[in-house]
Each structure stands twice: as structure tokens, then as C-alpha cells.
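Visitor: after the sequence you'll find the predicted model.
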Amino acid sequence: MTTPPRDCATRLFIALAVTAGIMTSVIALPRAALAEDGQLDKMRAKISAFIRDKMEKLGGSRIVYKVDTDGLRESVVTDLRDDVYKNLREGKIAFSGLAIRDGGVEKIADVKGREQLARKLASAAEGLPSHALAVTDGNGLVRLVPTNAASAARLHELVEDAIAMIEQRLKEAGVQLASVQPDGTDRIRIFLPGVMEPERVTAVFARRVKVGFRLIDLSVPPEQAQSGTPPAGTEVLPGFKDKSLYLVAKDSVLDGDDISYAGPGFASATKEPIASFRFNGRGTRRFAHITEENIAKPFAIVLDGKVISAPIIREPITGGSGQISGNFTLEEANSVAMLLRAGSLPGHLGLVEQEVVPPAKP
């Protein structure tokens, strides 16, 4: 499978150039993305002005979250190491000493191996949308470091995902009047007019979306298992859009922490709305192993106790990406993708402050 495209507001173009033993990379957002970001900023400014007016009249709550930038940098480098390892193995490039050190990835290779690595990285640039690399080659030691621009792009991406998650949770909680805005590069500011108990709202955001990839048990019909005693280690779950029942393993073979990206899109053949996803390095290896061992068997993708899709494994899936279809509307596909991304988001957000803002005096 190919890597699913990112939202155009955060899609990255990567260009690699090799000069005098040093490989450097350049990262840039396309003009269309910049234009879309500008439209988004204008829309947010209008919402913010409207909400500020309501806050002055009604009072309310102000909440600020901060993204865990240290944890984000660590995950960026870890993903980079996993991607480099995958490229080295697939290219059959000899190497040794692959390790994370001082915020980068280092490896040892001979001259032939270094040249192969340069070509492999160049050809794989489209498959590494989150990594613009500064690659230094000296005395056999190749060092790869995500550039500041790449780290900033990933941070921007995570903030946007967090805003989408917060807006979705507010909608689910019945909060109709709110402003969720980026505050600087790594903070998110929330204004809630008329809400005088901010701790009740922050409790909603603290709830972790449960994302799981589970094997389906075909030993007994799910209706029979529901009316009797399910086999050990299984449970019966309902479908996301219908009343179908599924007998699934209680333990997940993969979870939300293994997903590095998810977004809505359209199936190339049918043009129906879908949710695409991509695993990190650990998830890619695990998913390849699970699919290889369970060919011709179904598995369930579960969100918060509901089965959103139950595809049959036709062949080993080694590319680390996939698509979820389920007769979705585009809004539902976007919601599913957001929930897949949000599975690990609460762990990346820290509550900085919450306060009640009194209404302005008449």
C-alpha cells in the first residue's frame, strides 16, 4: 500500500541534495497549503472575536494546554530510526551500530553502503512526509537529524490534531459555544462562554479514546456468544453504524499509540469516503507479522467499544499503511480519522491553567 496523503495544510515537500560528502534536505509547504492556512486563520479570528464578545457579557472558562515538545522530539527521532532501519533492510544495505544518539540517528557503513543509503533516502523521500533530514557522512559514520523545519511542521501538525480532538469532544459533550485556538507554537487556548466549571470540561479531554486492532473469533456466532458465555478471552461488540455483532478478542494486537497518521480520503476505485492510516515503525512491524499469520481471517478495528470495520486479511500488509471503509459519509470518515489520531493525543497534552473569567461589569 502507498503512504496515505496528509491534509494539504500540513503536507510536506521534501527535496534531497547531495554535495561534497554531506547530504542536506529542504522542506517547504506548497503555495496551496499556505493559502488554506491563511483562510483557516481568518476563520479562527472571526470565531475568536465572537467568543470574546460573549465572554465579556457572560463570563466563562479559560483553559490552556501545552504540547509535550520533548516527547514529540523523541517520537520524531524514534520514527526516523524505524524508517531508516526499514529502508536499509529493504535495500539490503549493509550497516552496523544503528542507534539514537544526541537527538539523531547514527549508523556505520562502508563507502558502497553510504552511496546506497543516499540513493535509497532520495527515492524514499515521498514516503517520509514527516522527516526532512540533515544527513552528515564522515569517516564511515552516517548521522541523520530531523531539521528544525521538520520538527516545527510535526509540532504544527500535532497542535492541529489536538484542536480537532478538543472540538470533537466539546461537540460530543453538548458544548455549542466555544473557541479553540492555537496559542503560539505549542499551546492551545480554549474559551467557553457561560461555562463556570472548567474542571468538568478538562475531565472530558482527559478521557483517552480507545483504539484497538483485534482479531475476530469465528468459533461460535456472536449472537450465540452474547446469549450464552463467550469463549475465554473474547467479548461481543456492536458495529459502528449498524446493529451487527462481532465476537472479538479482548486484547488488542495494536492500539492508538502505534498510529502515526490518520486522515480522511476517497477510495481510488469506488470514490467512497474512507479513513486512511499509517503505523509507526513498531506498528508496521507488528501489523506485518499479524497479517502474515492470519491470512483469510477477519480482524476488527475498534473505536471506543464499537467495531468500525472488519476486513478480511487477503495478504501480508508490510507497507505500514491501510484504509478503513464502512459505507461512511465524508463527515464520518473525517470523524473516524480524527478518533484514530486522538487515541494517543491526551498523553501529548499537559494542562497549563484553567480559570473562571467573570463577566465584565456593566
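Guide: Alright, I've got the coordinates.
Visitor: which secondary structure elements does the helix or strand harbouring residue 180 contact?
Guide: Using DSSP states H and E, residue 180 sits in strand 179-183. Here strand 179-183 touches helix 31-58, helix 148-172, strand 187-193, going by 3 or more Cβ pairs under 8 Å, 6 or more residues apart in numbering; DSSP states H and E. For glycine as for every other residue, the C-beta is placed from the backbone atoms N, C-alpha and C.
Visitor: quick one: classify the spatially most central residue of the chain as helix, strand or coil.
Guide: Nearest to the mean C-alpha position of the chain, counting by Cα atoms, centre = their mean, stands residue 261 at 3.3 Å. At residue 261 the chain is in strand, as set by DSSP: H, G, I helix; E, B strand; the rest coil.
Visitor: beta partners of it?
Guide: Legend: beta-bridge partners of residue 261 under DSSP bridges are residue 278.
Visitor: what separates it from residue 278, distance-wise?
Guide: To residue 278, residue 261 is 4 Å away according to Cβ to Cβ, to the nearest Å.
Visitor: repeat that for residue 359.
Guide: In terms of Cβ to Cβ, residue 359 sits 46 Å off from residue 278.
Visitor: compare these two (neighbour count), which wins?
Guide: Legend: neighbour count by other Cβ atoms under 10 Å for residue 359 and residue 278, higher for residue 278 (24 against 14).
Visitor: my read: that one touches residue 263, true?
Guide: No: between residue 278 and residue 263 there is no contact under Cβ atoms under 8 Å: 9.1 Å.
Visitor: can you give me the angle the strand holding residue 180 makes with helix 31-58?
Guide: Orientation check (axes from the mean of the first three to the mean of the last three Cα atoms, to 10 degrees): strand 179-183 against helix 31-58 gives 120 degrees.
Visitor: can you get me a residue count around the residue nearest to residue 185 when sequence neighbours are not counted?
Guide: With sequence-adjacent residues excluded and distances taken as Cβ to Cβ, 6 or more residues apart in numbering, residue 185 is closest to residue 155, at 6.2 Å. For residue 155, the count of nearby residues is 17 (other Cβ under 10 Å).
Visitor: next: residue 89.
Guide: 10.
Visitor: what helix or strand is it on?
Guide: helix 69-90.
Visitor: go on, residue 113?
Guide: Here residue 113, judged by DSSP H and E, is contained in helix 111-123.
Visitor: which stretches of the stretch 1-150 of the chain have low pLDDT?
Guide: Counting by pLDDT under 70, the stretch 1-150 of the chain has low-confidence residues at 1-37, 118-133, 135, 137-140.
Visitor: can you give me the strands in the stretch 251-362 of the chain?
Guide: Secondary structure of the stretch 251-362 of the chain (DSSP state E, counting those that start in this stretch): strands at 254-255, 259-266, 273-279, 299-303, 306-309, 321-324, 349-357.
Visitor: let's have those strands in a markdown table, adding mean pLDDT and distance to residue 110.
Guide: What follows is the strands of the stretch 251-362 of the chain, written out as a markdown table (pLDDT from 0 to 100; distance: least, Cβ to Cβ, whole Å):
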| stretch | mean pLDDT | distance to residue 110 |
| --- | --- | --- |
| strand 254-255 | 86 | 36 |
| strand 259-266 | 84 | 31 |
| strand 273-279 | 88 | 31 |
| strand 299-303 | 90 | 42 |
| strand 306-309 | 90 | 46 |
| strand 321-324 | 85 | 32 |
| strand 349-357 | 90 | 44 |
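Visitor: residue 61: which of those is closest?
Guide: Nearest to residue 61, of all the strands of the stretch 251-362 of the chain, is strand 349-357, at 5.9 Å by Cβ to Cβ.
Visitor: given that closest one, what are its sheet partners and their directions?
Guide: Counting by DSSP bridges, strand 349-357 is paired with strand 60-67 (antiparallel).
Visitor: roughly how far is the partner strand from the heart of the chain?
Guide: 22 Å (Cα atoms, centre = their mean, to the nearest Å).
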